[in-house]
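*Asks:* Here is a sequence together with a model predicted from it:
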Amino acid sequence: GENVGLHLPTLSVQEGDNSIINCAYSNSASDYFIWYKQESGKGPQFIIDIRSNMDKRQGQRVTVLLNKTVKHLSLQIAATQPGDSAVYFCAENRNSGNTPLVFGKGTRLSVIA
Amino acid sequence: DSGVTQTPKHLITATGQRVTLRCSPRSGDLSVYWYQQSLDQGLQFLIQYYNGEERAKGNILERFSAQQFPDLHSELNLSSLELGDSALYFCASSVDWAPAQTQYFGPGTRLLVL
């Protein structure tokens, strides 16, 4: 999707370390963001979401941070495990009519055991 | 398991042919979305249906069409297939029509056009 992009297309992380996956967006009216995980051969799986009235939200081992000033979204994974190896997509709702979520191209996370 | 089911899992066909992909949304979800994912590409939105009616349209080719039936399952029809149509096709569902909500994805149908 245009203008929903990722700073790093691939990321290699040592098992046990923390991972940070970044996403930039361009539409200041965007009001809802989701992170999805897609393992090889599977459909995207919901990880965590955040609305624009928040700047941080935590889940189990994951945290999403939203910086509306610089239009930046990040996903932090604590104590990265081999099972976290996947492609991670951010998606945004541009708050523009009926247009549904717009997805970024994804970042591939490889966990080194 | 997201609760969204898609059939078939794999489909191999020839150029010029027509295929139908099927999707059943999660129980209680009224919206269905179709996406195409080519190799190393992101998810390209094709079309959304809500409670049987077309709600939003994305980059869907004229050779492609979809519908949502009264029982809320959806079908994506791809005709006059070309080599470039080879891709993963995902269906997703959500509770209602609003864009700002979670979509839950099915396992996908892998289409190979030879």
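*Replies:* Okay, I see it.

*Asks:* helix or strand right after the helix or strand hosting B:Q36?
*Replies:* Of the helices and strands defined by DSSP states H and E, B:Q36 is found in strand B:31-37. As assigned by DSSP H and E, the chain's next helix or strand after strand B:31-37 is strand B:44-50.

*Asks:* That next one: partners in the sheet, and parallel or antiparallel?
*Replies:* Next to strand B:44-50 in the sheet, as set by DSSP bridges, lie strand B:31-37 (antiparallel), strand B:53-57 (antiparallel).

*Asks:* Can you name the residues in contact with it?
*Replies:* Applying CB atoms under 8 Å, 6 or more residues apart in numbering or on different chains, the external contacts of strand B:44-50 come out as A:1, A:98, A:100-103, B:30-38, B:54-60, B:64, B:66-68, B:74, B:76, B:96-97. Placement of C-beta: from N, CA and C, glycine included.

*Asks:* quick check, the helix or strand harbouring A:F89 touching chain B?
*Replies:* Here A:F89, judged by DSSP H and E, is contained in strand A:86-93. Yes. With CB under 8 Å from any CB of the partner chain as the measure, strand A:86-93 is seen reaching chain B through A:F89, A:N93.

*Asks:* Give the bridge partners for the nearest residue to B:Q67 once chain neighbours are set aside, please.
*Replies:* When the adjacent residues along the chain are set aside, B:Q67 lies closest to B:E75, with 5.9 Å between them (CB to CB, 6 or more residues apart in numbering or on different chains). For B:E75, the residues forming beta bridges with it (DSSP bridges) are B:R22, B:Q67.
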